[in-house]
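Asker: Got a sequence here, can you build the structure:
(4 chains)
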Number of protein chains: 4
Amino acid sequence: MSGIKVGVLGSQGKVGQAIVKAVENADDLTYTVGVDKGDSLEYFSDTDTQVVVDFTHPDVVMDNLKYLIANGIHAVVGTTGFTEERLETVRGWLVENPKVGVLIAPNFAIGAVLSMRFAAQAAKYYDSVEVVELHHPQKADAPSGTAYRTAELIGRARAEAGVGASPDATTSELDGARGAVVDGVHVHSVRLAGLVAHQEVLLGTEGETLTIRHDSLDRSSFAPGVLLGVRSIGDRPGLTIGLEELMDL
Amino acid sequence: MSGIKVGVLGSQGKVGQAIVKAVENADDLTYTVGVDKGDSLEYFSDTDTQVVVDFTHPDVVMDNLKYLIANGIHAVVGTTGFTEERLETVRGWLVENPKVGVLIAPNFAIGAVLSMRFAAQAAKYYDSVEVVELHHPQKADAPSGTAYRTAELIGRARAEAGVGASPDATTSELDGARGAVVDGVHVHSVRLAGLVAHQEVLLGTEGETLTIRHDSLDRSSFAPGVLLGVRSIGDRPGLTIGLEELMDL
Amino acid sequence: MSGIKVGVLGSQGKVGQAIVKAVENADDLTYTVGVDKGDSLEYFSDTDTQVVVDFTHPDVVMDNLKYLIANGIHAVVGTTGFTEERLETVRGWLVENPKVGVLIAPNFAIGAVLSMRFAAQAAKYYDSVEVVELHHPQKADAPSGTAYRTAELIGRARAEAGVGASPDATTSELDGARGAVVDGVHVHSVRLAGLVAHQEVLLGTEGETLTIRHDSLDRSSFAPGVLLGVRSIGDRPGLTIGLEELMDL
Amino acid sequence: MSGIKVGVLGSQGKVGQAIVKAVENADDLTYTVGVDKGDSLEYFSDTDTQVVVDFTHPDVVMDNLKYLIANGIHAVVGTTGFTEERLETVRGWLVENPKVGVLIAPNFAIGAVLSMRFAAQAAKYYDSVEVVELHHPQKADAPSGTAYRTAELIGRARAEAGVGASPDATTSELDGARGAVVDGVHVHSVRLAGLVAHQEVLLGTEGETLTIRHDSLDRSSFAPGVLLGVRSIGDRPGLTIGLEELMDL
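Answerer: Residues are numbered from 1 along each chain as shown, chains lettered A, B, ... in the order given. Now for the predicted structure:
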């Protein structure tokens, strides 16, 4: 056994189990211990764990981070609920332990992160941009959070570059046909049995189009991103927000 | 020179020129003569023309058909504006000349015709169906006429088969995100520089999806359908409505 | 409890369990009993089972069918290994029990069946046809059996219609770039981590293309086809080969 | 009239005419003069032209550049045939006129440039990468030059990052099914009537895929890239190779 020593918080949950499995399958990582409700966080120190992955709950994640940072353990965090106030608190703890690295990311699917980045980079070179997201029909919100965020990033990139609105000569529209509009970007939500989670960003200019499509076919799609975080965070002291910051883009 | 003798009405218009060219390029067809505004329809009889293609104007198409039918010449018609009353008139003329065949079709793009047919056939076997159409941004109406018609055909097929509504758990929707609804089918309209005319019908059930996509990349896409009509109409006396009737589906 | 009474052979296998679940979830079907290795086939008669689904093994399927037919029970069979000789034997049994219906099908994914049918129907109307199939990288054969079969059906339809070869001006080819050729149809096999089982049939003519794409995202995709068989086979005495025969296409 | 003053070499050719039109349609550019075979290059100096676009021929492009650089005129060059020796010569001329900028690019379609860049950036984060390119059937080479170049860039990025080969368990392959292999990347070439020029890069890892697709539907697709070059080259003295160098990626 060799490589980075990795522990998992919430190791018996659905996501936690998948992460344990992914760590165990990686040649350059060693799984140390899982900590669940009722277990002591000291298990991590006792096992010389170097990086802990936290996919738990907003109620407990701050206590987890306080302990990990104080004990010199890096953290990769997928738990939600980080307000600016919480981020400030984490930054404060990191000042006192400046060698520790903490990654907090809202999305660990590498393809989702790359899609958003590429869409934002390409957006100013095209006359038109629209987003089509496609999900299973049990989804409650339309558009998806990722599509909403993607449209915001596109809208901001175009505004910064001084690009005008996408051309649109529609004068006769059946209500809803042209989709929702987020920061000037039209967003369409398809709900279809058999689908999982998919998104297309369509960009067009004279005579050509560019399409960036991301398909999540399985909930395990966060695993490669988590491993990327685990491998990188030790070399990146302080607070890092967003997986894209660890990528060479 | 051999094969079916074909003439063209409106031969100097954009569409007419493309049809003349397509006829001239076909080994089994012979182009006889083009008739345009001011020319006599007798050119067709004088040249023993067997089939005439009419992409002209609602104002003149009835006079054209009256002449062609009376003179035993078959017709392939892409001109619009055929009301039920007009169709009855044409049927009356055909009773008097029972060997003549007339094809009137709203859409000669074979892919559009096949897409609609396949979508309607498949619709009852799937829990969910949605339509996404994508066009250039100069288009005035959303959704496109073809998408509207496709949704109607899907809706009718599902109603006849007693299939319920597509499942949809959306409870929080940004206005327009879920598209327009035509006969119970959600339809989304994308407008993008660089595109021409495209349509996807998405069908989904447990664990699988079927997608039928049609891309028109050039206005010449009606030509193969017109030639199919020209080659078939001589063997099909009476009035035929819709290219699909001539196809072996 | 009401509706058609359905039993399952091999009910404890992976596929069998999925079918039991699908039957139990269907309002118009009633699950009676599962029979596995060592169980008596008489359970089906004892429970007045009307239709039995058989996803077992070539070694036992003939004995199963002999019993079911003799006892007036319809069968829906996904087990493989049916030679022409075996089919003849089954037909012989059915002559003696002419009210019984047996469906034997190599593929129960509705989308796969529809894709093949639509591709074969459309093939003669297009100058060009190619097939791209995309699967997970653990797959041993390339192209997939479904792609091979699809290409055969396309090739046969084009031959029957007298359509020539797809145009291809390639004079300089890096070995393999143009794919494999099955009955004159080019077939390309993509192997990619993250994929499950997908296939595209691309058809093209002047100015337009038609794409028929089937995505299997989950092994449960055979369930709707099995249920379609269960619901239909009682009204279709004798031997039926292929799910498409039960579909209204 | 205001903005950058732009002249065109080869202004009466097919590409040249499209560029003249694009310049004339741009609010921030002014078209000065076109120079064709037999015309004097002095027309450019006489009209105070600031940037000249050269889509001519390898036989004349060096003389053109010599004159333009010597006269302080920036150049945007799509002409082919630049060997390393020729590039050295151009660099020498630019040393003597250090304020002049010259852009030489093999591909001005923004989507092609972005596709290659994004594919190379994403390639190391995925287990699998393959390329599918789709073109009209008059194309002589397979794979396309762009697909070949894309595969090279992907292969290099993966080699530099130490990523292993894409997984592939194929043991039974019909000759050609798995495509051509360029630098370890499988490349598939589809040839289909109705298509123009299209390319997909497919990347996959556990549970997810990313697809980057570029569609060129019209030969005019080089125009936006040429205008980007015209607007940028004045601020970039010296020799720039490749449109991507002018993009903020």
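Asker: Tell me how many other residues surround the nearest residue to residue A:124 once chain neighbours are set aside.
Answerer: Take residue A:124 and drop its neighbours on the chain: the residue closest to it by C-beta to C-beta, 6 or more residues apart in numbering or on different chains is residue A:161, 3.7 Å away. For every residue, glycine as well, the C-beta is placed using N, CA and C. Residue A:161 has 11 neighbours, counted by other C-beta atoms under 10 Å in any protein chain shown.
Asker: So residue A:161 versus residue D:228, what's the distance?
Answerer: Spatial separation of residue A:161 from residue D:228 under the definition C-beta to C-beta, to the nearest Å is 12 Å.
Asker: sorry, back to before: which pLDDT does the model give the residue nearest to residue A:124?
Answerer: Per-residue confidence (pLDDT) for residue A:161: 95.
Asker: Repeat that for residue A:1.
Answerer: The confidence metric pLDDT takes the value 50 at residue A:1.
Asker: How much space separates residue A:196 from chain B?
Answerer: Distance, residue A:196 to chain B, using C-beta to the nearest C-beta, to the nearest Å: 10 Å.
Asker: Please apply the same query to residue A:191.
Answerer: When residue A:191 is compared with chain B (using C-beta to the nearest C-beta), they lie 5 Å apart.
Asker: Next: residue A:5.
Answerer: Separation of residue A:5 from chain B (C-beta to the nearest C-beta) stands at 39 Å.
Asker: ditto for residue A:177
Answerer: From residue A:177 across to chain B, the span is 4 Å (C-beta to the nearest C-beta).
Asker: Quick one: name whatever helix or strand follows the longest helix anywhere in chain A.
Answerer: Counting residues, the longest helix found in chain A (DSSP state H) is helix A:145-161. With elements assigned by DSSP states H and E, the helix or strand that comes after helix A:145-161 is strand A:172-173.
Asker: Need the contact partners of that following strand.
Answerer: Contacts of strand A:172-173 from elsewhere in the structure, counted by C-beta atoms under 8 Å, 6 or more residues apart in numbering or on different chains, are B:140-142, B:180, B:189.
Asker: if you look at the helix or strand containing residue A:181, does any of it touch chain B?
Answerer: Following DSSP H and E, one finds residue A:181 within strand A:180-182. Yes. Applying C-beta under 8 Å from any C-beta of the partner chain, one finds strand A:180-182 in contact with chain B at A:180-182.
Asker: which of the residues you listed has the most neighbours?
Answerer: Counting by other C-beta under 10 Å, residue A:180 has the largest number of neighbours within the residues of strand A:180-182 next to chain B, with 23 neighbours.
Asker: Give me the buried positions along stretch A:237-249.
Answerer: A:239-240, A:243, A:246-247 (16 or more other C-beta atoms under 10 Å in any protein chain shown).
Asker: For residue A:208, grab phi and psi.
Answerer: The phi and psi values for residue A:208, taken as degrees, to the nearest 10, are phi -150, psi 150.
Asker: Would you quantify the distance from it to residue C:187?
Answerer: As it turns out, when the distance is counted by C-beta to C-beta, residue A:208 lies 28 Å from residue C:187.
Asker: Equivalent analysis for residue A:122, please.
Answerer: Between residue A:122 and residue C:187 the distance, using C-beta to C-beta, works out to 33 Å.
Asker: Can you list the low-confidence ranges for chain A?
Answerer: For chain A, applying pLDDT under 70 flags the ranges A:1.
Asker: Would you map the helices across it?
Answerer: According to DSSP H, the helices that chain A contains are A:14-25, A:42-46, A:58-70, A:84-96, A:110-122, A:145-161, A:223-232.
Asker: Point out the most buried one among those helices.
Answerer: When neighbours are counted by mean count of other C-beta atoms under 10 Å in any protein chain shown, the highest per-stretch mean among the helices of chain A falls to helix A:110-122, a mean of 25.
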